[in-house]
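In: model this:
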Amino acid sequence: MIPVGLDVLATKDGHLVRDPELDALDVIGNFVTLVDDHTPEGASLIRGKAYEQFLADDNSLSLYEDLTPEQCGEVAAEFRAHAERMPKERPSQFEFAAGDVEEAARWFEVCSKKGYGTRAWY
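Out: Numbering: from 1, shown residues only. You can find the predicted model right below:
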């Protein structure tokens, strides 16, 4: 698969979810989001392409696939493991630091704890 732009949207029972707790996290998001009949204000999301690199190299999980709440928990764990090997400060304005990846881990952890899955939109 050729990586293209990717939005990862929170979902529950097949419908998009807008959650203030997810929206409050300092992750790379997007100002344009999808809406549906159940979520006219738009879905909570994270920009997946920016974070896909922090998953394990075994390709067992991908943000380019729809994820279950359990898989969101696995993503959070993988992000945290990766963050432990990262610098505390950003090496440059164009690179991530451990705290950036920890915040993305929290996004997926909240999804998992609240029973949200994700929908990959690209």
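In: mean confidence for stretch 38-51?
Out: What stretch 38-51 shows for mean pLDDT is 85.
In: same deal with stretch 15-27?
Out: 93.
In: which parts of that stretch are buried?
Out: 16-19, 22, 25, 27 (16 or more other CB atoms under 10 Å). Glycine gets a C-beta too; all of them are placed from N, C-alpha and C.
In: What about those residues, which are in strands?
Out: Applying DSSP state E to the buried residues of stretch 15-27, the entries found in strands are L16.
In: could the buried residues of stretch 15-27 be laid out in a markdown table, adding distance to L55?
Out: Putting the buried residues of stretch 15-27 into a markdown table (distance: CB to CB, whole Å) gives the following:
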| residue | distance to L55 |
| --- | --- |
| L16 | 23 |
| V17 | 22 |
| R18 | 25 |
| D19 | 22 |
| L22 | 19 |
| L25 | 18 |
| V27 | 15 |
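In: Quick check: the gap between L45 and W121.
Out: Distance, L45 to W121, by CB to CB, to the nearest Å: 8 Å.
In: Need the three-state assignment for the residue most central in space within the chain.
Out: The centroid of the chain falls nearest to I46 when counting by CA atoms, centre = their mean (4.7 Å). Classification of I46 by DSSP: H, G, I helix; E, B strand; the rest coil places it in strand.
In: what bridges to it?
Out: V8 (DSSP bridges).
In: hang on, isn't it packed against R106?
Out: No - the pair I46 / R106 is not scored as a contact, 10.5 Å apart, by CB atoms under 8 Å.
In: worst-scoring helix or strand of this structure, pLDDT-wise?
Out: Using mean pLDDT, DSSP states H and E, the weakest-scoring helix or strand in the chain turns out to be helix 48-51, at a mean of 90.
In: residues making contact with it?
Out: Residues outside helix 48-51 that contact it (CB atoms under 8 Å, 6 or more residues apart in numbering): 3-8, 27-28, 63-64, 79, 101, 104, 120, 122.
In: Going through the residues you listed, which ones are buried?
Out: For the contacts of helix 48-51, buried by 16+ other CB under 10 Å: 6-8, 27, 63-64, 79, 101, 104.
In: Check what pLDDT Y122 gets.
Out: The model's pLDDT for Y122 equals 87.
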